[in-house]
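Q: Just a sequence and a predicted model for now, questions to come.
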Amino acid sequence: MTGYTISQVEQVIYLQFLRLTNSVKDKLRKGESVIGPVISVNNVEVAARAATLGFDFIWLEMEHCPLSLETVRNIVLATRGLPAVPLARPPTNELWTAKRLLDAGVLGVIFPFTRTPELARQAGFVQVTYGSFKGAMCFDDCPSNQYNDQFRDLWASQPQRKMDFRYGYVDAKRSNHLLVTRRAPVATP
């Protein structure tokens, strides 16, 4: 390993080990809150700067913004070893898009279009509700209205969890609500 000292190699290995641990998952498991910005510009420097500002994660938005897989990979490389964990939302909820993002080095994938609680369960996810939900905030002919009963049943089936912060979406009664969908725990024998 010409040109490198042992301490430099050890430092690189240690930093790579740190990046393989997902501090966002650790905090969420402990019931702690996490916060991060949405990166919606095709600029590696902006993402790298955001990763140094004390956030827990940076959200790389590919659904509504012109971020390519190549840009995501460059951002992952530029933020390696920095405090914020890179997460990404692909443009679709196809499994192959998640695999490509994980191969690029992101430490979490935020799927769009999880339309119903039933679809989430079938995919092996659990959903946790916050705030209250009385119905989608849209007109009578809005496509989201067809799922209102399923989501009202989901909120009714879970304990009431307050939202200690102003976040989420506004429902038909102008109450904030948030739905967190995550992988179901694996049963141990």
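A: Ah, there it is. Keep in mind the model is a prediction, meaning the values are calculated, not measured.
Q: center of the protein - which residue?
A: Residue closest to the average C-alpha location in the chain (CA atoms, centre = their mean): Ile110, at 4.0 Å.
Q: I figured that one hits Pro86, correct?
A: No: using CB atoms under 8 Å, Ile110 makes no contact with Pro86, being 11.3 Å away. (C-beta placed from N, C-alpha, C; glycine too.)
Q: if we can go back for a sec, now do the contacts for the closest residue to the residue nearest to the centre of the chain other than its chain neighbours.
A: Counting by CB to CB, 6 or more residues apart in numbering, Ile110 lies nearest to Arg89, which is 4.1 Å off, once chain neighbours are set aside. Contacts for Arg89 (CB atoms under 8 Å, 6 or more residues apart in numbering) come out as Trp59, Leu60, Glu61, Met62, Glu63, Val109, Ile110, Phe111, Pro112.
Q: Which pLDDT does the model give the residue nearest to the centre of the chain?
A: Predicted confidence (pLDDT) for Ile110: 83.
Q: Check Leu101 too.
A: Leu101 is given a pLDDT of 92.
Q: show me what contacts it?
A: By CB under 8 Å, 6+ apart, the contact list for Leu101 reads Leu69, Val72, Ala88, Pro90, Val109.
Q: What distance separates the opening and closing residues of stretch 87-106?
A: Taking CA to CA, to the nearest Å, stretch 87-106 runs 5 Å from one end to the other.
Q: and that stretch, how far from the chain's centre?
A: 11 Å (CA atoms, centre = their mean, to the nearest Å).
Q: list the buried ones in it?
A: Leu87, Ala88, Arg89, Pro90, Asn93, Thr97, Ala98, Arg100, Leu101, Ala104, Gly105, Val106 (16 or more other CB atoms under 10 Å).
Q: Over to stretch 26-46?
A: Result for stretch 26-46 [16+ other CB under 10 Å]: buried residues Val34, Gly36, Pro37, Ile39, Ser40, Val44.
Q: Next step: these restricted to helices.
A: Taking DSSP state H, the ones among the buried residues of stretch 26-46 that sit in helices are Val44.
Q: Of the buried residues of stretch 26-46, which is the nearest to Thr21?
A: Within these, the smallest distance to Thr21 is 14.3 Å, found for Val34 (CB to CB).
Q: so what's that closest one up against?
A: Neighbouring residues of Val34 by CB under 8 Å, 6+ apart: Val24, Lys27, Leu28, Asp56, Phe57.
Q: ok, and the closest non-adjacent residue to it?
A: According to CB to CB, 6+ apart, the nearest residue to Val34 is Asp56 (4.0 Å).
Q: Now the one you found: phi and psi?
A: When read as degrees, to the nearest 10, the backbone of Asp56 gives phi -80, psi -30.
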